[in-house]
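*Asks:* Starting from these lines, generate the structure:
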Amino acid sequence: MADESDNEKTEDPTQRKLDEALKRGDVVKSQEVNTWFIIAAGALALTTFSGSFANGLYTTFRGLIANSYAIRTDGRALVSLGEKIGIETIAAVAIPFLLLLLAAIAGNMVQHRLVWTTETITPKLSKISPIAGLGRMFSKQALANFIKGLLKLTVVGVVLTALLWPERDRLEGLISADPAAISGLTMSLSAKMLGAVVAILAVVAIADYLFQYRQWHEKQKMSLQEIKDEYKQSEGDPAIKGRIRALRHSRMRQRIMAAVPKATVVITNPTHFAVALQYEPGMDAPVCVAKGVDRIALKIREVAGEHNVPIVENVPLARALHASVEIDQAITPEHYKAVAEVIGYVMRLRRGLARQ
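*Replies:* Purely as a prediction, here's the structure:
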């Protein structure tokens, strides 16, 4: 039972899992959001730039038709004509096209960060497998998309019908109306319909994004075992870390055994800190050869006692040296005076013992 609960994906994904999904291109993506941005941009372009767009093309093609009898179509002249028409057409549609392009990019950026990956386009057998294809066609996701499409068409159709139904008499009269009047009414009705479609699709896009996010988040969930494995990979296996700590302690003890006998003095407080210093004539300053707290401090004192290294109790100095000096480094200048007094005391003690 414990193994089954460990393998159930009930835990929220870690940041590392989310980052890996982003690198693979596995992100939240609602096609409805992209569709809304493109349709909204198209509606904006149509209502804002349709006049300049139409006038630009009207001027170009009116001049072309009016002067058709004088246009040369032989050799280079025909190529130049095609280039001119193409440039003027592109210039007329450039702003609407750029707006649609920016909308397509924005539709992705509002859902997730930009992703640069080749994994989604890497050939895979599952993508071309007929069996896998049939599975996708008749999957729950495909059924949900089909139902969503029907509902969207139904709602849009009902709303557009409600908008156009009061205008049915005017629409019938357009058969015999002046072209200028037809253009004005068409633009007015088009703006109303586009506004309604954009509003409906905004609601659909928000609902679909929330649904897609929930589906994606559920897919990213992890089991307890996966979280444990990820912790081991990122932080290291606790057993291995324990062995590393034991090895470090072993090396520290060996270093103490080798360094403390060479020390000139060991400065301690009664139980917690011990710092072994070495000083020889000609040295700029005493050097710390070993230091430690608690058990390591006790070991330093034991080794010092075994090799007749003087042990001097000085609580504030021992604490200060342990905090400020690393092993194999000289003591800092602010401790020169206090350490010099201790080493001087040790040397006088040795000279007294030598006379005896």
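
*Asks:* Buried by neighbour count: which residues of the helix or strand containing Val339 qualify?
*Replies:* Assessed by DSSP states H and E, Val339 sits inside helix 336-355. Counting neighbours by 16 or more other Cβ atoms under 10 Å, one finds that the buried residues in helix 336-355 are 338-339, 342-343, 346. Every residue, glycine included, has its C-beta placed from N, CA and C.

*Asks:* Closest to Gln225 out of these?
*Replies:* Proximity of these to Gln225 was ranked by Cβ to Cβ; the top entry is Val339 with 55.2 Å.

*Asks:* measure the closest one to Ile296 for me?
*Replies:* Using Cβ to Cβ, to the nearest Å, one obtains 21 Å as the distance from Val339 to Ile296.

*Asks:* Can you give me the buried ones in the helix or strand harbouring Ala106?
*Replies:* Per DSSP H and E, Ala106 falls inside helix 76-109. Using 16+ other Cβ under 10 Å as the burial criterion, the residues of helix 76-109 that qualify are 88, 92-93, 96, 99-100, 103, 106-108.

*Asks:* Now render those as CSV, adding distance to Pro316 and pLDDT.
*Replies:* Output for those, formatted as CSV (distance: Cβ to Cβ, whole Å; pLDDT from 0 to 100):
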residue, distance to Pro316, pLDDT
Glu88, 89, 77
Ala92, 85, 74
Val93, 83, 77
Pro96, 79, 82
Leu99, 74, 87
Leu100, 75, 87
Ala103, 71, 89
Ala106, 65, 88
Gly107, 67, 86
Asn108, 64, 83
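
*Asks:* Pull the most distant pair out of the residues you listed.
*Replies:* Using Cβ to Cβ, the pair of these lying farthest apart is Glu88 and Asn108, separated by 32.0 Å.

*Asks:* just checking, what packs against the helix holding Val339?
*Replies:* In this structure, helix 336-355 packs against strand 265-268, strand 311-313, helix 315-324, with contacts taken as 3 or more Cβ pairs under 8 Å, 6 or more residues apart in numbering; DSSP states H and E.

*Asks:* Model confidence at Pro123, what's the number?
*Replies:* Among the per-residue scores, Pro123 holds a pLDDT of 59.

*Asks:* Does anything pack onto the helix holding Ala106? Which helices or strands?
*Replies:* helix 31-66.

*Asks:* elements contacting the helix it packs on?
*Replies:* For helix 31-66, the elements it packs on are helix 76-109, helix 179-220, judged by 3+ Cβ pairs under 8 Å, 6+ apart.

*Asks:* Run the chain-centre distance for the last one.
*Replies:* In this case it means helix 179-220. 30 Å (Cα atoms, centre = their mean, to the nearest Å).

*Asks:* What strands line up against the following helix or strand past it, and which way round?
*Replies:* Towards the C-terminus, the helix or strand next in line after helix 179-220, according to DSSP H and E, is strand 222-223. Take DSSP bridges as the rule and strand 222-223 pairs in its sheet with strand 9-11 (antiparallel).

*Asks:* Which is the succeeding secondary structure element to the partner strand?
*Replies:* helix 15-24.

*Asks:* Mean confidence (pLDDT) on that next one, please.
*Replies:* For helix 15-24, mean pLDDT is 80.

*Asks:* So which elements touch it?
*Replies:* Packed against helix 15-24 by the contact rule (3+ Cβ pairs under 8 Å, 6+ apart) you find helix 179-220, helix 224-235.

*Asks:* so what are the domain limits for the protein?
*Replies:* Per the record, the chain has its domains at 23-221, 243-355, by automatic domain parsing.

*Asks:* deepest of the helices and strands packed on helix 336-355, which one?
*Replies:* With neighbours defined by mean count of other Cβ atoms under 10 Å, none of the helices and strands packed on helix 336-355 is more surrounded on average than strand 265-268, at a mean of 25.

*Asks:* Packing partners of that one?
*Replies:* Counting by 3+ Cβ pairs under 8 Å, 6+ apart, the packing neighbours recorded for strand 265-268 are strand 273-278, helix 295-306, strand 311-313, helix 315-324, helix 336-355.

*Asks:* Turn the ones you listed into a markdown table, including distance to Lys9 and mean pLDDT.
*Replies:* Supplementary listing: those in a markdown table, determined by distance: least, Cβ to Cβ, whole Å; pLDDT from 0 to 100:
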| stretch | distance to Lys9 | mean pLDDT |
| --- | --- | --- |
| strand 273-278 | 50 | 91 |
| helix 295-306 | 44 | 88 |
| strand 311-313 | 60 | 89 |
| helix 315-324 | 48 | 89 |
| helix 336-355 | 61 | 81 |
